[in-house]
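predicted model and sequence follow; I will ask about them next.
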Amino acid sequence: MSHTIRVTCAIIFKDQKVLCAQRSEKMSLPLKWEFPGGKIEDGESPEQSLIREIKEELNLEIEILREFQSYTHDYNNGKVIELIPFLARHIGGDLELKEHKQVIWKEIGNLKKLDWAEADIPILEDLLAWCRA
Ligand SMILES: Nc1nc2c([nH]c(=O)n2[C@@H]2O[C@H](COP(=O)(O)OP(=O)(O)OP(=O)(O)O)[C@@H](O)[C@H]2O)c(=O)[nH]1
């Protein structure tokens, strides 16, 4: 049985748009789109992990507003991840790309046009439902 990796990700809003990040060719899941974030390290809370990862990867400071439902996804390659999403707001720092190929701010209605990492699909659906409610 595979060990589940706990990963946090941030849904960052600005002017009705959401920050979407494209993984680089060198990363696993190359060129897939994701909500930025990363693995929770020992001794970290999910929130601490996310704030650290977003600073490391994008040089952005964020404030976490709320947690959304998390989902566990089996990539059938030995990797099972629990993806824990948080709604967040940009409070400081200028965007710098440290790992990703690119990031874009995307309108809610256009989010589904991107080629998302499989684990993100249920989170995307929940986000769209939450925005419609
Ligand atoms: N940050 C983030 N990771 C995601 C998302 N969806 C998804 O499947 N993942 C997976 O969750 C893991 C997050 O790891 P990471 O970002 O900290 O580090 P990494 O790319 O070096 O991971 P790797 O060692 O698997 O290549 C990766 O395996 C990544 O493919 C997402 O929306 N955001």
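All right, it came through fine.

what's the local residue count around residue 119?
Around residue 119 there are 22 other residues, counting by other C-beta atoms under 10 Å. Using the backbone N, CA and C atoms, a C-beta is placed for each residue, glycine as well.

per-residue pLDDT, it?
pLDDT recorded at residue 119 is 98.

wait, residue 18 sits on residue 33?
No - the pair residue 18 / residue 33 is not scored as a contact, 10.8 Å apart, by C-beta atoms under 8 Å.

how about the strands in the chain?
Per DSSP state E, the chain carries strands over the ranges 4-14, 17-22, 33-34, 37-39, 61-67, 71-74, 80-92, 102-107.

and the residue nearest the centre of the chain, how far from residue 100?
What sits nearest the mean C-alpha location of the chain, by C-alpha atoms, centre = their mean, is residue 35, with 2.2 Å. Computed as C-beta to C-beta, to the nearest Å, the residue 35 to residue 100 distance reads 11 Å.

ok, residue 133 next?
From residue 133 to residue 100 the distance is 30 Å (C-beta to C-beta).

among these two, which residue is more densely surrounded?
residue 100 (17 against 5).

and this structure, which of its residues are near the ligand?
Taking C-beta under 6 Å from any ligand atom as the contact definition, the chain meets the ligand at 7, 9, 27-29, 34-39, 81, 83, 117, 119-120.
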